[in-house]
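1. Make a model of this:
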Amino acid sequence: MWHYAIARLVVAARAYGLRPIDGPFGDFSDPDGFKAQAYRAAVLGCEGKWAIHPAQVAPANEVFSPSAAEIEKAKRILAAMEQAKKEGKGAVALDGKLIDLASIRQAEVLVRKAEQVKAGG
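-> Okay, the predicted model is just below:
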């Protein structure tokens with residue numbers, strides 16, 4: 001029932017250069033419910049979720065932190081595109097998929113997010 005509202009929040013936040021964060025999940029004794037709501041928020045574009053209890057911090061970090069595999073893939077995308085630039089190409093294939101400007105932007109955002117998570121901020 002909150003998908004529309006969260007989607008609107010994400011659009012408004014992005015329009016102003018802000019990072020959208022999902023609101024609280026009140027039942028801190030329900031870690032599965034918290035994670036389910038966090039996954040829905042992440043799919044809709046949120047970058048984080050409020051934690052109102054210490055037990056919610058680890059699941060929030062698990063859901064919203066990029067995995068090692070995602071980070072490695074993003075770094076491979078950036079390296080492949082850098083090599084393509086050196087060769088005068090505007091796009092390149094990696095693992096059988098086209099890598100273009102949109103792919104680069106997504107990879108840059110993911111790598112920057114991973115660096116922020118690692119730095120604690």
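2. how about low-confidence regions in this structure?
-> 121 (pLDDT under 70).
3. Please enumerate the strands of it.
-> Along the chain, the stretches classed as strands by DSSP state E are 21-22, 48-49, 92-94, 97-99.
4. Give me the residues contacting the first one.
-> Read that as strand 21-22. Where contact means CB atoms under 8 Å, 6 or more residues apart in numbering, the residues beyond strand 21-22 that reach it are 6, 37, 38, 41, 46, 47, 48, 49, 50. C-beta coordinates here come from the backbone N, C-alpha and C atoms, glycine included.
5. and the closest residue to the fourth one other than its chain neighbours, bridged to which residues?
-> With sequence-adjacent residues excluded and distances taken as CB to CB, 6 or more residues apart in numbering, residue 41 is closest to residue 22, at 3.6 Å. Residue 22 forms beta bridges with residue 49, as assigned by DSSP bridges.
6. Helices of this structure, residue ranges please.
-> Assigned by DSSP state H, the chain shows helices spanning 3-15, 31-43, 57-64, 68-86, 101-119.
7. nearest to residue 94, of the ones you listed?
-> Nearest to residue 94 among the helices of the chain is helix 68-86; the distance by CB to CB comes to 4.6 Å.
8. Show me the chain divided up by domain.
-> What automatic domain parsing lists as the domains of the chain is 3-64, 68-119.
9. Mean neighbour count for these - can I get that in TSV?
-> Conversion of the domains of the chain to TSV gives the following (neighbours: other CB atoms under 10 Å):
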stretch	mean neighbour count
domain 3-64	15
domain 68-119	13
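10. Out of the contacts of strand 21-22, name the two that are farthest from one another.
-> Spanning the widest gap among the contacts of strand 21-22 are 37 and 47, at 14.7 Å by CB to CB.
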